[in-house]
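[1] the following block contains a protein sequence and its predicted model.
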Amino acid sequence: MRISFIIKENRKREKELNSLLEQTKTLIGFNDVAIFKTEYAGHAIDLASEQVKNNSNIIVAVGGDGTLNEVLNGVLRTPYNETILGYFPLGTANDFQKTAGEIRSVEHFINCLNNISVKKINIGKLTCCSLNEKNIRYFINIADTGLGGFIAKRIAQDSKKLGAHLTYFKHTITGFLNYKKSKVNVKIDNQEYNGKLLSIAVCNGKVFGSGLIISPNAKLNDNFFQVTLLGNVSLWDYIKNLKNLKKGNLIINDNIHYYSAKSIVINSSSTIETEADGEYIGGGKVSYELLPYSLNLLATTKE
């Protein structure tokens with residue numbers, strides 16, 4: 001069997017990465033272990049695609065949620081024969097594992113690889129269309145149109161000298177102050193929303209934004225997105241409910257709506273920006289499609 005590790009290095013967790021690479025030597029049943037390190041934004045997509053073509057049985061994303069998203073897109077954009085996707089969280093937030101299963105240690109992860117268990121999970125596909133381009137992106141955790149896309153774009157342009165958590169918090173607050181809510185028409189399966197939009201989170205997983213449980217009822221294999229739509233929501237609403245978001249409580253507010261759906265289409269007279277798994281995608285008309293049971297995920301916990 002062939003296993004490929006695609007790594008985005010993290011200097012703050014270099015010791016943990018070195019331990020992982022050392023313990024790959026103890027893997028059982030793998031006669032080919034390949035290790036690749038990313039060199040530029042989007043490189044993990046190309047590396048993952050190439051490893052699918054090279055018949056890698058398991059591809060492991062080593063990094064944060066953004067690295068996992070790139071590896072996912074490399075796998076799904078390439079015709080593949082039951083390739084298994086694994087993740088070793090080496091980022092700052094690592095929000096996806098809070099739904100899929102925590103990796104407790106290097107030893108725990110190596111044990112998962114030596115005792116392979118796979119679960120089929122849903123994946124989201126978003127299509128973002130502007131006058132100049134059409135972007136198609138797969139996501140494994142949560143995608144967000146509105147304030148989330150606005151924030152992701154500005155974080156991508158930031159030097160991040162404050163660190164990841166403070167940078168996110170800074171842009172969240174300034175986003176609330178500067179973001180202009182658009183009037184939208186949103187079709188959510190056979191339901192419809194018309195009005196102002198702060199943000200709409202289309203959720204495969206539960207957690208995003210460094211620990212905010214935006215969709216407590218989301219499951220990776222229930223054949224539905226869970227959708228949280230924030231209409232004319234204010235900064236004060238956000239501050240008041242921050243504890244509820246961190247605890248995973250549903251919020252009772254006339255401007256917050258929850259749905260289960262398989263497809264979402266967002267139309268607006270102004271350009272709205274979108275992110276997926278924390279990665280900025282673009283602006284324009286957006287549609288979401290659920291791809292049920294379309295990925296083999298390396299299981300880290302028993303069902």
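    Okay, I see it.
[2] helix or strand: which one has Val71?
    In this assignment (DSSP states H and E), Val71 forms part of helix 65-76.
[3] which other helices and strands contact that helix?
    Applying 3 or more Cβ pairs under 8 Å, 6 or more residues apart in numbering; DSSP states H and E, one finds that helix 65-76 makes contact with helix 43-53, strand 58-63, strand 84-89, strand 134-139, strand 279-283, strand 285-298. To be clear about C-beta, it is placed using only N, CA and C from the backbone, and glycine gets the same treatment.
[4] tell me what the last one is packed against?
    It stands for strand 285-298. helix 65-76, strand 84-89, strand 118-129, strand 263-268.
[5] out of the helices and strands in this protein, which is least certain?
    helix 164-178 (a mean of 86; mean pLDDT, DSSP states H and E).
[6] now it - C-alpha only, PDB.
    Below are the C-alpha coordinates for helix 164-178, written out as PDB (Å, rounded to 0.1, in the frame of the first residue of the first chain):
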ATOM      1  CA  ALA A 164      -4.200  33.600  14.000                       C
ATOM      2  CA  HIS A 165      -6.800  33.900  16.800                       C
ATOM      3  CA  LEU A 166      -6.400  37.700  17.400                       C
ATOM      4  CA  THR A 167      -6.200  38.300  13.600                       C
ATOM      5  CA  TYR A 168      -9.500  36.500  13.200                       C
ATOM      6  CA  PHE A 169     -11.100  38.400  16.100                       C
ATOM      7  CA  LYS A 170      -9.900  41.700  14.800                       C
ATOM      8  CA  HIS A 171     -11.400  41.100  11.300                       C
ATOM      9  CA  THR A 172     -14.600  39.800  12.800                       C
ATOM     10  CA  ILE A 173     -15.200  43.000  14.800                       C
ATOM     11  CA  THR A 174     -14.100  45.300  11.900                       C
ATOM     12  CA  GLY A 175     -16.200  43.200   9.600                       C
ATOM     13  CA  PHE A 176     -19.300  43.800  11.600                       C
ATOM     14  CA  LEU A 177     -18.600  47.500  11.600                       C
ATOM     15  CA  ASN A 178     -17.700  47.800   7.900                       C
END
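[7] give me the contacts around it.
    Helix 164-178 has contacts (Cβ atoms under 8 Å, 6 or more residues apart in numbering) with 91-93, 147, 150-151, 154-155, 158, 160, 162, 209-210, 234-235, 238.
[8] kindly report the same for stretch 252-266.
    Contacts for stretch 252-266 (Cβ under 8 Å, 6+ apart): 145, 184-189, 191, 193, 197, 200, 202, 215, 217, 223-233, 237, 241, 250, 272, 285-290.
[9] repeat for stretch 22-29
    So stretch 22-29 is contacted by Met1, Ile3, Phe5, Val33, Ile35, Val106, Glu107, Ile110, Leu113, Asn114 (Cβ under 8 Å, 6+ apart).
[10] and the buried ones among the residues you listed, selectable in PyMOL?
    Restricted to buried positions by 16 or more other Cβ atoms under 10 Å, the PyMOL selection for the contacts of stretch 22-29 reads:
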select buried, resi 3+5+106+110+113
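[11] can you report how many residues lie near Ser105?
    Counted with other Cβ atoms under 10 Å, residues neighbouring Ser105 total 12.
[12] done for today, thanks.
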